[in-house]
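1. From the sequence below, what's the structure:
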Amino acid sequence: MKLLRAAVLAAFLLGSLAQAQVDVGIVLPFENNTRDPNLDWISESFVEVLSPHLASSRFLMFDRRERAAAFDSLGIPANAGILSNATIYKVAQALDAGKVVLGRYDSSDGLLQVTARVLDMEGPSFSREFSESGPLENLFEIQAGLAWQIERWLRPGFSVSREQFIRERPGSRLDAFENYLRGLAAAERARQVGYFRAASRLDPGFAAPAFELGMISFRDRDYPTSILWLTKIRRADPDYLEANFFLGLAYLYREQYERAATAFRVVEQQLPLNEVYNNLGIALLRQDRPGAVPYFEKAVQSDPANPVYQFNLGYAYWKRGSFEEAIPHLQAALEQDRTAESLAVYIQCLDQTGQAEESRHQTVLLLRDFPEWGTSRDPKRLANIERPKDTYEGASFRQLWMLMQIQAELKHSRLPSSEHVALHYQQAEDFMAQGADREAIEELHHVIDYDPEELDAYRDLARIYQKAGRWDEAAKALSYPIQKGPSAGDYLLLARIYMGQEKLDEARTQLDTVLRLDPASAAAEALRTELDSLTASKGTGTQ
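-> Numbers count the residues shown, from 1 in each chain. I've put the predicted structure just below:
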């Protein structure tokens, strides 16, 4: 598997997938049968939309960038059109994808008609066809409906209604999305920037074009502009970790070390990456923080053959006066990468540890190889010479993130059912505390999948829907605990839902039930006062 950073990681990924019963899928660009090149952008839109819609802890989806890496490894042009079956198989095998989503779209009488199938590589065999249609302005609804059909085929017990699934995935502004996709397809930098800026202007909350603009500016070494765009990426956005890696570098190059450390910590808390340990160590060392050395040590322990990590650790030891500890790391770095700076630091360590003869020998080599160093002993030449790692292999790191998810799910799958449910519930509560309601809903559905009798999961779903004003879904979620084991709190929540629907008589009935069960309920009395006021205002309004 060429796309992973090491063969061991690939083998572990495959083994973990099998043990955890987790499948991997990829969506390929849909075939444009409209014969209208102005609609070519829709082809890639299915990759962008269906991939996150189908992704879950049990079904990991590769995205456009993983596909591009697979194409590159197989010698397939990035803009390849219709792929032969043999090529599709090769791409799936390169990614170790068990499922491949294929499709086509056409247009007739103002309606977009979309058909898709899922290729199961285990057979190989195809699923039945899934179809959706509608006007182009309803593209996101069409795609969400298609994803819902595929989801039900992948997970026969999938209980989310079509209406709920579509409502939870509204998408960005369509014109912004179109500009973003045209920017991805553009070959010229100026056109890319123009499309991405248009997309961001049309929908400021749409993070994907901001990420692309941030990366273009970073590659141009325009770090202030890169920071401007990358800070727009939020925690729930798929590019959040990658954005913070480059945001940390941009702050580092701007000598804003505290902000650099904050950005690198965001990544470090999620992914155990040597590149992040190294760069976080630099950001801390530039502030003379004692916590820098342990991060350099982590990077060296993980990859002792890397001269950058060895030098930075040796430099950090030198900077804090630990000359004996610095020497072996500087020697390891010099064996692969002899620079004037590393030699100068090494010579100083030799001097400080009484190794005068070796110091003289290395000084001769320094002046021979770098004669300009013989004319100046300015200590500033050895200030802030740590070496950052500015490569972030996005495809590999996303796969590492997948691997960590698989490991977590594999660990959970070995637990007793009750503990497995409790872990998903804890994740749901964490998401709710962060205000990440969509992720919380997904975890709560996992809880219900594993334990349909976990009544509190239905109650929490009802609260999330009620908070969002999704009254019908809130009432539906709450109906099961009310049927199985109602509490005064259930009837109180149902009263709130009915009030949201302006069903005031039904709300009063539920409050009466609450007060029969719990006559001292202050919450019920407060809600009754609110209901009386609302009823009075309604009555006044109709007179």
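2. C-alpha from now on. contacts and neighbour counts both.
-> Will do.
3. Report the central residue of this structure.
-> Centrality entry for the chain: nearest residue to the mean C-alpha point is residue 238, 3.2 Å, by Cα atoms, centre = their mean.
4. Test my guess that residue 137 contacts residue 174.
-> Yes: Residue 137 is within contact range of residue 174, at 7.1 Å (criterion: Cα atoms under 8 Å).
5. And the two? Which one has more around it.
-> Taking other Cα atoms under 10 Å, residue 137 and residue 174 do not tie; residue 174 has more neighbours (17 against 13).
6. Which pLDDT value belongs to that one?
-> At residue 174, the model reports a pLDDT of 97.
7. what's the answer for residue 126, then?
-> 93.
8. quick one, phi/psi of the residue lying closest to it once chain neighbours are set aside?
-> Spatial nearest neighbour of residue 126, chain neighbours left out: residue 119 (4.6 Å); criterion: Cα to Cα, 6 or more residues apart in numbering. Per-residue torsions, residue 119: phi -90, psi 120 (degrees, to the nearest 10).
9. I'd say residue 135 and residue 112 touch.
-> Yes: using Cα under 8 Å, residue 135 is in contact with residue 112, at 5.6 Å.
10. burial count for residue 361?
-> Using other Cα under 10 Å, residue 361 has 11 neighbouring residues.
11. how about it, what does it touch?
-> By Cα atoms under 8 Å, 6 or more residues apart in numbering, residue 361 lies in contact with nothing.
12. Quick check: which element contains it?
-> According to DSSP states H and E, residue 361 maps onto helix 356-369.
13. From residue 268, how far off is the residue nearest to residue 126?
-> Counting by Cα to Cα, to the nearest Å, the separation of residue 119 from residue 268 is 36 Å.
14. could you point out which element follows the helix or strand of the chain with the lowest mean pLDDT?
-> Least confident helix or strand of the chain, by mean pLDDT, DSSP states H and E, is helix 7-20 with a mean of 45. Next along the chain after helix 7-20, taking DSSP H and E as the criterion, comes strand 23-27.
15. Strand partners (parallel or antiparallel) of that following strand?
-> With DSSP bridges as the test, strand 23-27 is paired with strand 59-62 (parallel), strand 99-108 (parallel).
16. so where do the strands sit in this protein?
-> 23-27, 31-32, 59-62, 99-108, 111-120, 125-126, 130-134 (DSSP state E).
17. and residue 445, which of those strands is closest to it?
-> Proximity to residue 445 (Cα to Cα) singles out strand 59-62 among the strands of the chain, at 14.6 Å.
18. Can I get the closest one in PDB? Just the C-alpha atoms.
-> Below are the C-alpha coordinates for strand 59-62, written out as PDB (Å, rounded to 0.1, in the frame of the first residue of the first chain):
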ATOM      1  CA  PHE A  59     -17.200   2.800   7.500                       C
ATOM      2  CA  LEU A  60     -14.100   4.900   6.800                       C
ATOM      3  CA  MET A  61     -14.200   7.000   3.600                       C
ATOM      4  CA  PHE A  62     -11.200   8.000   1.600                       C
END
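19. What residues sit buried inside stretch 107-122?
-> 107, 112-121 (16 or more other Cα atoms under 10 Å).
20. How about stretch 244-264?
-> Applying 16+ other Cα under 10 Å to stretch 244-264 flags 244-252, 256-264 as buried.
21. what's the average pLDDT for stretch 347-355?
-> Mean predicted confidence for stretch 347-355 is 95.
22. Contacts for it next, please.
-> Defining contact as Cα under 8 Å, 6+ apart, one finds that stretch 347-355 is touched by 318, 323-324, 326-327, 356, 358-359, 362-363.
23. Run through the chain and note the low-pLDDT ranges.
-> 1-22, 57, 81, 375-377, 393-415, 539-543 (pLDDT under 70).
24. which residues in the stretch 351-500 of the chain form helices?
-> For the stretch 351-500 of the chain, applying DSSP state H, counting those that start in this stretch gives helices covering 356-369, 394-413, 417-434, 437-450, 455-467, 471-484, 488-500.
25. With distance to residue 157 as extra columns, can I get the ones you listed in JSON lines?
-> JSON lines is the format used below for those (distance: least, Cα to Cα, whole Å):
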{"stretch": "helix 356-369", "distance to residue 157": "70"}
{"stretch": "helix 394-413", "distance to residue 157": "18"}
{"stretch": "helix 417-434", "distance to residue 157": "17"}
{"stretch": "helix 437-450", "distance to residue 157": "8"}
{"stretch": "helix 455-467", "distance to residue 157": "16"}
{"stretch": "helix 471-484", "distance to residue 157": "16"}
{"stretch": "helix 488-500", "distance to residue 157": "26"}
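26. Of those helices, give the one that comes closest to residue 283.
-> For the helices of the stretch 351-500 of the chain, proximity to residue 283 was assessed by Cα to Cα; helix 394-413 is nearest, at 21.4 Å.
27. just to revisit the earlier point, wait, which of the buried residues of stretch 107-122 is closest to residue 153?
-> residue 118 (9.3 Å).
28. Who is the nearest residue to the closest one once chain neighbours are set aside paired with across the strands?
-> Distance criterion Cα to Cα, 6+ apart; nearest residue to residue 118, sequence neighbours excluded, is residue 101 at 4.5 Å. Here residue 101 sits in beta bridges with residue 27, residue 118, as judged by DSSP bridges.
29. swap in residue 131?
-> Assigned bridge partners for residue 131, using DSSP bridges, are residue 115.
30. pretty sure it contacts residue 144?
-> No: using Cα under 8 Å, residue 131 makes no contact with residue 144, being 11.5 Å away.
31. higher neighbour count, the two?
-> Taking neighbours as other Cα under 10 Å, residue 131 and residue 144 compare with residue 144 leading, 26 against 18.
32. Roughly how far does the more buried one sit from residue 24?
-> Taking Cα to Cα as the measure, residue 144 falls 20 Å from residue 24.
33. for residue 519, same thing?
-> Taken as Cα to Cα, the span from residue 519 to residue 24 is 54 Å.
34. Looking at these two, which one has more neighbours?
-> Comparing residue 519 with residue 24 by other Cα under 10 Å, the one with more neighbours is residue 24, at 20 against 12.
35. can you list the domains in the protein?
-> 7-170, 292-385, 402-542 (automatic domain parsing).
36. Isn't the residue nearest to residue 118 up against residue 115?
-> No: counting by Cα under 8 Å, residue 101 does not reach residue 115; the two are 10.6 Å apart.
37. Share the number of residues neighbouring residue 271, please.
-> Applying other Cα under 10 Å, I find that residue 271 has 17 neighbouring residues.
38. Then the one 4 residues further on?
-> Residue neighbour count, defined by other Cα under 10 Å, stands at 20 for residue 275.
39. which non-adjacent residue is nearest it?
-> residue 389 (5.6 Å).
40. Distance check, that neighbour against residue 246.
-> Counting by Cα to Cα, the separation of residue 389 from residue 246 is 10 Å.
41. Same check on residue 43?
-> Taken as Cα to Cα, the span from residue 43 to residue 246 is 29 Å.
42. what's the answer for residue 385, then?
-> 19 Å.
43. what do you get for residue 487?
-> 50 Å.
44. again with residue 424
-> Counting by Cα to Cα - residue 424 and residue 246 are separated by 31 Å.
45. Residue 340 now?
-> Distance from residue 340 to residue 246, by Cα to Cα: 28 Å.
46. what's the closest non-adjacent residue to residue 129?
-> The shortest distance from residue 129 to any non-neighbouring residue, by Cα to Cα, 6+ apart, is to residue 117 (5.0 Å).
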